[in-house]
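Q: What follows is a predicted protein model with its sequence.
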Amino acid sequence: MTLEPLAVRHAAELWDAAQADAGGEGWDYMGYGPFADAAAMQRHVAAFASQHDPMAWAIRPHSSGAVAGWLTLMEMQPANAAIELGHIWFSPRLQRTRAATEAMFLLMRHAMDDLGYRRLVWKCNALNAPSRRAATRLGFVYEGELRAHLVVKGRRRDTSFYSILADEWPARRDRIAAWLDDGNWDHQARPRRSLSEAPLADVG
């Protein structure tokens, strides 16, 4: 799996990936999308790629070679050493795959190890059960909920907050890296052990 800085050149592949979501459910909790046509997707990608906060990457799984989603680092606060992993959109072909977890892990590691942040945030609509499960699976700690935090697509949004702190990160990093390791995958590309089954106490 490769992360590439998001660019307009990715728009056609992203539009193609989005077609697997015929009902548009994957956009339900995003502040944008689904897009009416390829031109609308391209306009969004062009604007998104030009920003520095959020800073977006396109996800290219090696299994297919085609870009199938994006994610960002955002809400960057260098003075507070805090940063957020967000704007995560995975097309159906990327959802619940090893590449999806690897993509999130690479940005988590970049934020904490390369950039030296001490607080990594995950926040989501409180109704977004898959996102809440993903946060827990990756080792984020639930902090609480802000009620009526935002209005998104004309609807009230209660926001659930999660975080990983610097002293918690090494155990999370080692746990996810062990799950991603080739030795954890059988010849049918299935994990021998699920990430949720690997207690943090097992590592470090």
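A: Done, it's in.
Q: Any chance of the backbone angles for residue 158?
A: Phi and psi for residue 158, reported as degrees, to the nearest 10, are phi -90, psi 130.
Q: Kindly report the same for residue 136.
A: Per degrees, to the nearest 10, the backbone of residue 136 is at phi -60, psi -40.
Q: which residues sit in contact with it?
A: For residue 136, the contact set (C-beta atoms under 8 Å, 6 or more residues apart in numbering) comprises 142, 162, 196. Bear in mind the C-beta positions are built from the backbone N, C-alpha and C, glycine included.
Q: correct me, but the last one touches residue 137?
A: Yes - the criterion here is C-beta atoms under 8 Å, and residue 196 meets it with residue 137 at 5.2 Å.
Q: Extract the C-alpha trace of stretch 99-117 and format it as PDB.
A: This file holds the C-alpha atoms of stretch 99-117, laid out as PDB (Å, rounded to 0.1, in the frame of the first residue of the first chain):
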ATOM      1  CA  ALA A  99      -4.500  -1.800   3.100                       C
ATOM      2  CA  ALA A 100      -7.100   0.400   4.900                       C
ATOM      3  CA  THR A 101      -5.500  -0.300   8.300                       C
ATOM      4  CA  GLU A 102      -2.000   0.100   6.900                       C
ATOM      5  CA  ALA A 103      -3.000   3.500   5.500                       C
ATOM      6  CA  MET A 104      -4.200   4.800   8.900                       C
ATOM      7  CA  PHE A 105      -1.200   3.300  10.600                       C
ATOM      8  CA  LEU A 106       1.300   5.000   8.300                       C
ATOM      9  CA  LEU A 107      -0.200   8.400   9.100                       C
ATOM     10  CA  MET A 108      -0.500   7.700  12.800                       C
ATOM     11  CA  ARG A 109       3.200   6.700  12.800                       C
ATOM     12  CA  HIS A 110       4.100   9.800  10.800                       C
ATOM     13  CA  ALA A 111       2.300  12.100  13.200                       C
ATOM     14  CA  MET A 112       3.700  10.500  16.400                       C
ATOM     15  CA  ASP A 113       7.200   9.200  15.400                       C
ATOM     16  CA  ASP A 114       8.300  11.500  12.500                       C
ATOM     17  CA  LEU A 115       6.600  14.700  13.500                       C
ATOM     18  CA  GLY A 116       6.800  14.200  17.300                       C
ATOM     19  CA  TYR A 117       3.200  15.100  18.200                       C
END
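Q: Give me the buried stretch members for that stretch, please.
A: Residues 99-112, 117 are the ones in stretch 99-117 that count as buried (16 or more other C-beta atoms under 10 Å).
Q: go on, stretch 53-60?
A: Those buried within stretch 53-60 under the rule 16+ other C-beta under 10 Å are 54, 55, 56, 57, 58, 59, 60.
Q: same thing with stretch 132-140?
A: Buried residues in stretch 132-140, counting neighbours by 16+ other C-beta under 10 Å, are found at 132, 134, 135, 137, 138, 139, 140.
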